[in-house]
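[1] Build me a model:
(one chain, ligands or ions: 1)
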Amino acid sequence: MNMEDYDYLFKIVLIGNAGVGKTLVRRFTQGLFPPGQGATIGVDFMIKTVEIKGEKVKLQIWDTAGQERFRSITQSYYRSANALILTYDITCEDSFRCLPEWLKEIEQYANNQVVTILVGNKIDLAEKREVVRQRAEDFAQSQSMLYLETSAKESDNVEKLFLDLACELIREAKQNKLDNNDTAPMPGEGKAISYLSCCSVV
Ligand SMILES: Nc1nc2c(ncn2[C@@H]2O[C@H](COP(=O)(O)OP(=O)(O)OP(=O)(O)O)[C@@H](O)[C@H]2O)c(=O)[nH]1
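    Numbering: from 1, shown residues only. You can find the predicted model right below:
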């Protein structure tokens, strides 16, 4: 597939507490687990192109650091995101309790049309689950978010997460609901930034 040959380009940003498994994106882009790196420093960048019903969809994905000290950097990535993947860890009640704070950040920094999906990660650790699925589903519904549970470790639902999101973004784009923000680049887009690492393209 030619890299520049695509029908849609969507910008996706992963957010959520430190340690919840946002690096699950590497499972999707590179098939890697464990990702072989520690906590994300600032922001990490990946690209993957997928084909959905004959249409080529280029996904630009930003994996942001969950640690509080990086918040001012990561907030600047919300504005031009078409979709946000808000992740928590199903084995960590605290990561679920912090979700309202993340929603406040979204309200403050993201555009109005952003599609948000809530992801409960680490379902391979079922015996350690602290957040029951129904509670998370109810919360997601109350906040008009999609909901999915994943395991980056076992690769459960990881591909589905990005494909479902791409389908939803196409659907919204076809209804012209998306903020067509191609002219609003992400911070550093088009410039060589040393802390961004560009990875796989399929
Ligand atoms: N069992 C299990 N462990 C996971 C899963 N996803 C991530 N982990 C582990 O959880 C830890 C944190 O994962 P990361 O992906 O680095 O978490 P993060 O949300 O990116 O953290 P920050 O980069 O600090 O924001 C690592 O030790 C991972 O190996 C999963 O699905 N199952």
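
[2] bridging residues for Leu146?
    Ile117 (DSSP bridges).

[3] Give me the mean pLDDT for stretch 75-89.
    The average of the pLDDT scores along stretch 75-89 is 92.

[4] Ignore what I typed, I meant stretch 94-104.
    96.

[5] And for stretch 114-129?
    The average pLDDT within stretch 114-129 is 96.

[6] How far does it stretch from one end to the other?
    29 Å (C-alpha to C-alpha, to the nearest Å).

[7] give the contact list for Leu118.
    86-88, 99, 136, 139-140, 143, 145-148 (C-beta atoms under 8 Å, 6 or more residues apart in numbering). Just so you know, the C-beta spots here come from the backbone N, C-alpha and C atoms, and that holds for glycine as well.

[8] which among those end up buried?
    86-88, 99, 136, 139-140, 145-148 (16 or more other C-beta atoms under 10 Å).

[9] follow-up on the earlier one: mind checking which of the contacts of Leu118 land in helices?
    99, 136, 139-140 (DSSP state H).

[10] Could you measure from the residue of the chain positioned farthest from its centre over to the ligand?
    No residue in the chain sits farther from the centre than Glu127, which is 25.6 Å out by C-alpha atoms, centre = their mean. Using C-beta to the nearest ligand atom, to the nearest Å, Glu127 is found at 11 Å from the ligand.

[11] Mind listing what's buried along the helix ranked longest in the chain?
    Counting residues, the longest helix found in the chain (DSSP H) is helix 158-174. By neighbour count on 16+ other C-beta under 10 Å, the buried set for helix 158-174 is 158, 161-163, 165-166, 168-170, 172-173.

[12] Then stretch 19-38?
    20-29, 32-33, 35.

[13] How about stretch 124-142?
    Buried residues in stretch 124-142 (16+ other C-beta under 10 Å): 124, 129, 131, 136-137, 139-140.

[14] returning to what we had before: so the residue farthest from the centre of the chain belongs to a helix, correct?
    Yes - the assignment for Glu127 by DSSP: H, G, I helix; E, B strand; the rest coil puts it in a helix.

[15] Can you convert the buried ones among the contacts of Leu118 into JSON lines and add a column each for distance to Lys48?
    Shown next, in JSON lines, are these (distance: C-beta to C-beta, whole Å):
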{"residue": "Leu86", "distance to Lys48": "20"}
{"residue": "Thr87", "distance to Lys48": "18"}
{"residue": "Tyr88", "distance to Lys48": "23"}
{"residue": "Leu99", "distance to Lys48": "26"}
{"residue": "Ala136", "distance to Lys48": "26"}
{"residue": "Phe139", "distance to Lys48": "29"}
{"residue": "Ala140", "distance to Lys48": "24"}
{"residue": "Met145", "distance to Lys48": "22"}
{"residue": "Leu146", "distance to Lys48": "19"}
{"residue": "Tyr147", "distance to Lys48": "22"}
{"residue": "Leu148", "distance to Lys48": "18"}
